[in-house]
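J.: pasted the sequence and its predicted model underneath.
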Amino acid sequence: MASLSMYGKGSVDSVSNFLSKDILNSGVSCEIVDTINRTVGQTSICIMVFEKYYMRSSNRTSLTVSVIGDDKNVCVDAIGSGGGQGAFFKFSWGAEEDFVAQVEKSLINRGFK
C-alpha cells in the first residue's frame, strides 16, 4: 500500500478534472471505475477510483483519490493498493507506489505541496 496527501489552490472540480485526465493518460490499461461527487455547505468532495494492470506484478492495482475543499483551497489524498501477487505474497514490484506517484507528479506540476 502507498499513500499521499497534498494541499494546493483551486476548486474541487478543476483539480479532480485534471487529475482524472492525467491518471487516465498514465497507461493504456488504466481505467476509471467510479466517481462520487458531493457538496455539503461550502465544502465539496470528489472520490475517484481507478484501476490499472501492471505486467511486472501480473495484477491490477487500485488507486483511490479524494479531492476535498472549497473554491480556494483543496486537499488531495491518494491511496494505492492491491498490486500484490497471489493470496499469500503481497510483493507488488512497486505497482502501488508507481500509481500514487502519478498523482504526486501531476499535483507538483500544478504547485501543490
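T.: Sure, I can see it. Numbering: from 1, shown residues only.

J.: let's verify the most centrally placed residue in the chain: helix, strand, or coil?
T.: Nearest to the geometric centre of the chain sits Val65, at 3.8 Å (C-alpha atoms, centre = their mean). At Val65 the chain is in strand, as set by DSSP: H, G, I helix; E, B strand; the rest coil.

J.: that one contacts Val103, doesn't it?
T.: Yes: Val65 lies in contact with Val103 (C-beta atoms under 8 Å); the separation is 6.2 Å. For every residue, glycine as well, the C-beta is placed using N, CA and C.

J.: what is in contact with those two at once?
T.: When contacts are counted by C-beta atoms under 8 Å, 6 or more residues apart in numbering, Val65 and Val103 are jointly contacted by Leu19, Ile23, Val76, Ala78.

J.: out of these, which are buried?
T.: Leu19, Ile23, Val76, Ala78 (16 or more other C-beta atoms under 10 Å).

J.: can you give me the helices for the protein?
T.: Assigned by DSSP state H, the chain shows helices spanning 12-24, 95-108.

J.: got the angle for the shortest one vs helix 95-108?
T.: I take that to be helix 12-24. Helix 12-24 and helix 95-108 are oriented at 130 degrees to each other (axes from the mean of the first three to the mean of the last three C-alpha atoms, to 10 degrees).

J.: any idea of the mean pLDDT in helix 12-24?
T.: Mean pLDDT, helix 12-24: 97.

J.: so what's the gap between it and the chain middle?
T.: Distance of helix 12-24 from its chain centroid, counting by C-alpha atoms, centre = their mean, to the nearest Å, is 9 Å.

J.: and for the longest one?
T.: With C-alpha atoms, centre = their mean as the basis, the distance from the averaged C-alpha position of helix 95-108 to the chain average is 7 Å.

J.: 41 is where my numbering starts, stick with that
T.: Let's use 41 as the start, then, which means that last one is helix 135-148.

J.: and it, what does it pack against?
T.: For helix 135-148, the elements it packs on are strand 42-49, helix 52-64, strand 83-94, strand 99-109, strand 113-121, judged by 3 or more C-beta pairs under 8 Å, 6 or more residues apart in numbering; DSSP states H and E.

J.: just how off-centre is the last one within its chain?
T.: This points to strand 113-121. Its chain's average C-alpha position is 6 Å from that of strand 113-121, according to C-alpha atoms, centre = their mean.
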